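S.K.: Sequence and predicted structure below; questions after.
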Amino acid sequence: MLKMITKITSVVAGVCLSLTAIGQTSGNLTFSYTPTSHTGYSGTKNVLAIWIQTSSGAFVKTKVRRVGNGTKDHLPTWAQNSGGSAANALGAGCNIVSASTGATLSSFTTQNITWDGTDVNGVVVPDGTYKVTIQSTWDHSSGGTVTRSFTFTKGATADVQTPTADANFTNIALAWNPSAAGVEETAGVEGVTVYPNPSADGIFTVEFDKATSIKVVDVLGNTLSEEKLDATTDIKTVDLSAYSNGVYFIYVYEGNKSGKYKVVVEK
């Protein structure tokens, strides 16, 4: 009996260790692309689904569903993957928790999504390989449909990509950025506060005791703005309202010291 208890305890301990070894890093994925107008199709109406999947294709969460009654059979891959039937993307079985939904799109416009690393229950999913998948259909599905996935690694390390464009998707940008308690400071600039974070309108307030300049950078390292500060200034507004949802970095400089602050735009 003692040997059996010891064996069971060892098995349970091993299971617990394996579970705790799986990271569940919080963070933020930003993804954007511009769809193309299609040769041979003079119209502008199109339907669209964007969702998150595991590396094996298991459904995680819908981010966008744009479809109407007359086009509800035009997103069969998403509809079935999300729990519904291929013939009805408006069916009750299709999971659209926290998704942006609406009618058939009237133009081919740039799409932007963010994902906070959680499933439909709001639980942070285990670290690992995931996919952003798009299904886009135009011309009432008569040969005018495409599905494409973009793979990324969710974990404690940032994964920033600019996937290759194709005949259907251009200007593609993908970035997974792990959280670091909302703000990551890299050096000793004292008395810096950045708020609100995340921002619902893209406007951030930066307060500081002393600072000589501020710079704003996107996840690809592109400088969006840079400004020297007057010695009498102790507060500055950073306006990112013209930019897409996602992660940005505000650098606050004081002489040869700098602080790096990660902020999130969630409009």
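M.R.: Great, that's in hand.
S.K.: residues in contact with residue 168?
M.R.: With contact taken as Cβ atoms under 8 Å, 6 or more residues apart in numbering, residue 168 is in contact with 35-36, 38, 136, 146, 148. Every residue, glycine included, has its C-beta placed from N, CA and C.
S.K.: now do residue 26
M.R.: Residues in contact with residue 26 (Cβ under 8 Å, 6+ apart) are 116-117, 124, 178-179.
S.K.: Which of these are buried, as a PyMOL select command?
M.R.: Buried residues within these, by 16 or more other Cβ atoms under 10 Å, are selected in PyMOL with:
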select buried, resi 116+117+124+178+179
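S.K.: from the contacts of residue 26, which is closest to residue 246?
M.R.: residue 116 (11.7 Å; Cβ to Cβ).
S.K.: care to break the chain down by domain?
M.R.: Taking automatic domain parsing as the criterion, the chain consists of the domains 25-178, 193-265.
S.K.: and the longest one, how far apart are its ends?
M.R.: So that's domain 25-178. Using Cα to Cα, to the nearest Å, the end-to-end distance of domain 25-178 comes to 7 Å.
S.K.: what's the average pLDDT for that domain?
M.R.: What domain 25-178 shows for mean pLDDT is 92.
S.K.: Next: the shortest one.
M.R.: Along domain 193-265, the predicted local confidence has a mean pLDDT of 89.
S.K.: Quick check: residue 96 touching residue 63?
M.R.: No - counting by Cβ atoms under 8 Å, residue 96 stays clear of residue 63, with 9.5 Å between them.
S.K.: which residue packs closest to residue 153, ignoring adjacent ones?
M.R.: residue 159 (4.8 Å; Cβ to Cβ, 6 or more residues apart in numbering).
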